[in-house]
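Asker: got a structure for you, letters missing:
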């Protein structure tokens, strides 16, 4: 598609197809997009005022119409007027996934009949969470998502290859509505649930044939694709931009992807329950939080952390009045920032996404006499793969002293490298830990479609207090 025709198609997508989709679906994504394009340029003070107003409306609504929250307020002797800003949210309990499962009906607003709610799910087959959103929530989250894509230089209607493997999404592929939407948006899906060398080869051929403007999807899947292109000397795939999401993006992964595709990588942070949360702009100085739609807390030991400190992420959706999520613990760890971005947007910044809580190794610190979170394991694994020729690695931690390593050998791997890998890991984990290595031909994805580098039964943030 030529430059002129592409710009025309982008214009039609924005100003004709999207409004028509909104009319057909009863959503208002077009309207929300126009608002968010404007509010992103508000200064910090006006954005904080907007967020506070949205939060107060949500809290009042939850108190009046949501049985779960009305009970919590009464039990704690609180009124909506006691929650005036994000700092005041500490007066309310954290909403865990277990609490959502146990109180699903009580979390739904009495003012929303079932026919006005959209049923949705998150997680894999063994850890699936059911919840409900409104069309208004859907409109705002999609608008924020595409605003973030615009920061990366992507527009609606650009040809896109989506590396995705979520069973929740892939099950919809046969529906006429899904296929129509993908065709209109010019999006081709690469199913990454079984990303073998053969599958990577087929994907490489498709990328060379179509040479899409945008590549988007799981960080690990795009990284594996990039690594394959480099190893096979394929340099003809030149997208305008790459957007990674769903998994922590390490510096090594970013460098590999940028080398393979010869363009910048933009990392995107979102969740199924709430949608678009934060994303990078062209300054790459952090992640702009979609403060109009969500309030994000960063906590450790029940208190908000300072800028530059790690904290467990708690989310409050400001748009879902059908089933409010207030202080929802998504399971991630991140670092807030007190800086402003050079791009001029007033949206607050998140400095870094450290990964899932389960990405953190837990070791016993004799000096402190307690279990501590050591750090995101993918940093250790990235360093290991620089020194030892491996295609991919996954660590399992059953207890504080034992680790099982599953690894896929690279072509240059030798028997001596196994000992080098154990020596390297012990330099991080300590000499007394038990490390067992099992070499495999393939590391399957989790039920969610993601490819975790670390699976642990220990939560250091719950046991370190």
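Answerer: Ah, there it is. The model shown is predicted, which means the values in this text are computed figures rather than measured ones.

Asker: who touches residue 186 in this structure?
Answerer: 9, 157-160 (CB atoms under 8 Å, 6 or more residues apart in numbering). Bear in mind the C-beta positions are built from the backbone N, C-alpha and C, glycine included.

Asker: mind doing that once more with 7 Å?
Answerer: The contact partners of residue 186, by CB atoms under 7 Å, 6 or more residues apart in numbering, come to 157-160.

Asker: again with residue 277
Answerer: 269-271, 289-290, 294, 296.

Asker: which of those fall in strands?
Answerer: Using DSSP state E, 269-271, 289, 294, 296 are the members of the contacts of residue 277 that sit in strands.

Asker: I'd like the domain boundaries of this structure, if you could list them.
Answerer: 3-355, 357-463 (automatic domain parsing).

Asker: of those domains, flag the one that's most buried.
Answerer: Compared across the domains of the chain, domain 3-355 shows the largest average neighbour count, a mean of 18 (mean count of other CB atoms under 10 Å).

Asker: what is the mean pLDDT for that domain?
Answerer: On average, the pLDDT along domain 3-355 is 89.

Asker: ok now that domain, how far from the chain's centre?
Answerer: 7 Å (CA atoms, centre = their mean, to the nearest Å).

Asker: still on that earlier bit, nearest to residue 201 among the ones in strands among the contacts of residue 277?
Answerer: residue 270 (30.0 Å; CB to CB).

Asker: got a list of what that closest one touches?
Answerer: 145, 245, 276-277.

Asker: how close does the residue nearest to residue 88 when sequence neighbours are not counted get to residue 89?
Answerer: Closest residue in space to residue 88, ignoring its immediate chain neighbours: residue 82 at 6.6 Å, by CB to CB, 6 or more residues apart in numbering. Applying CB to CB, to the nearest Å, one obtains 10 Å for the distance of residue 82 from residue 89.

Asker: give me the element the residue nearest to residue 288 when sequence neighbours are not counted is part of.
Answerer: Distances taken as CB to CB, 6+ apart place residue 347 nearest to residue 288, at 4.1 Å, with adjacent residues excluded. Counting by DSSP states H and E, there is no helix or strand that carries residue 347.

Asker: need the contact list for residue 347.
Answerer: By CB under 7 Å, 6+ apart, the contact list for residue 347 reads 40, 47, 288-289, 291.

Asker: what about the helices in the stretch 251-400 of the chain?
Answerer: Ranges of helices in the stretch 251-400 of the chain, per DSSP state H, counting those that start in this stretch, are 251-261, 377-387.

Asker: in JSON lines: the ones in strands among the contacts of residue 277, plus distance to residue 153.
Answerer: Output for these, formatted as JSON lines (distance: CB to CB, whole Å):
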{"residue": "269", "distance to residue 153": "18"}
{"residue": "270", "distance to residue 153": "18"}
{"residue": "271", "distance to residue 153": "24"}
{"residue": "289", "distance to residue 153": "20"}
{"residue": "294", "distance to residue 153": "24"}
{"residue": "296", "distance to residue 153": "25"}
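
Asker: what's the closest of those to residue 14?
Answerer: Scanning these for proximity to residue 14, where the rule is CB to CB, the winner is residue 270, at 21.2 Å.

Asker: what distance do you get for that closest one to residue 17?
Answerer: 23 Å.

Asker: swap in residue 122?
Answerer: 28 Å.

Asker: try residue 402
Answerer: Applying CB to CB to residue 402 and residue 17 gives a distance of 55 Å.

Asker: next: residue 224.
Answerer: For residue 224 relative to residue 17 (CB to CB), the value is 33 Å.

Asker: same question for residue 204.
Answerer: From residue 204 to residue 17 the distance is 31 Å (CB to CB).

Asker: over to residue 299?
Answerer: With CB to CB as the criterion, residue 299 and residue 17 are 42 Å apart.

Asker: do I have it right that residue 44 meets residue 345?
Answerer: No: using CB atoms under 7 Å, residue 44 is not in contact with residue 345; the gap is 9.7 Å.

Asker: doesn't residue 321 make contact with residue 117?
Answerer: No: counting by CB under 7 Å, residue 117 stays clear of residue 321, with 10.4 Å between them.

Asker: so what sits against both of the two?
Answerer: Taking CB under 7 Å, 6+ apart as the contact rule, residue 117 and residue 321 both touch residue 134.

Asker: looking at this, residue 408 is in a strand?
Answerer: Yes: per DSSP: H, G, I helix; E, B strand; the rest coil, residue 408 lies within a strand segment.

Asker: so what's it up against?
Answerer: Contacts of residue 408 by CB under 7 Å, 6+ apart are 390-392, 440-443.

Asker: nearest residue to residue 232 in space, please, no chain neighbours.
Answerer: Nearest to residue 232 is residue 204, by CB to CB, 6+ apart, at 7.1 Å.

Asker: repeat that for residue 247.
Answerer: Going by CB to CB, 6+ apart, residue 247 has residue 219 as its nearest residue, at 4.2 Å.

Asker: show the contacting residues for residue 323.
Answerer: Contacts of residue 323 by CB under 7 Å, 6+ apart are 107-109, 131-133.

Asker: ok, now with 8 Å
Answerer: Taking CB under 8 Å, 6+ apart, one finds 66, 107-109, 112, 117, 131-133 in contact with residue 323.

Asker: need the max-distance pair from those.
Answerer: 66 and 133 (14.2 Å).

Asker: so where do the helices sit in the stretch 51-200 of the chain?
Answerer: 67-75, 97-102, 135-151, 167-170, 176-184, 197-210.

Asker: and residue 398, which of those helices is closest to it?
Answerer: So among those, helix 97-102 is nearest, using CB to CB, at 21.7 Å.

Asker: who does that closest one touch, helix- and strand-wise?
Answerer: Applying 3 or more CB pairs under 8 Å, 6 or more residues apart in numbering; DSSP states H and E, one finds that helix 97-102 makes contact with strand 129-134, strand 328-336.

Asker: repeat that with 10 Å
Answerer: helix 67-75, strand 129-134, strand 328-336 (3 or more CB pairs under 10 Å, 6 or more residues apart in numbering; DSSP states H and E).

Asker: can I get these in JSON lines with distance to residue 23?
Answerer: Shown next, in JSON lines, are these (distance: least, CB to CB, whole Å):
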{"stretch": "helix 67-75", "distance to residue 23": "34"}
{"stretch": "strand 129-134", "distance to residue 23": "17"}
{"stretch": "strand 328-336", "distance to residue 23": "32"}
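
Asker: out of these, which is closest to residue 100?
Answerer: Nearest to residue 100, of those and by CB to CB, is strand 129-134 at 6.1 Å.

Asker: give me the residues contacting the helix or strand containing residue 24.
Answerer: Assigned by DSSP H and E, residue 24 belongs to helix 18-25. Residues outside helix 18-25 that contact it (CB atoms under 10 Å, 6 or more residues apart in numbering) are 12-13, 27-33, 135, 138-139, 142-143, 146, 156-157, 177, 180-181, 184-185.

Asker: apply 7 Å and report the result again.
Answerer: Contacts of helix 18-25 (CB under 7 Å, 6+ apart): 28-30, 156.
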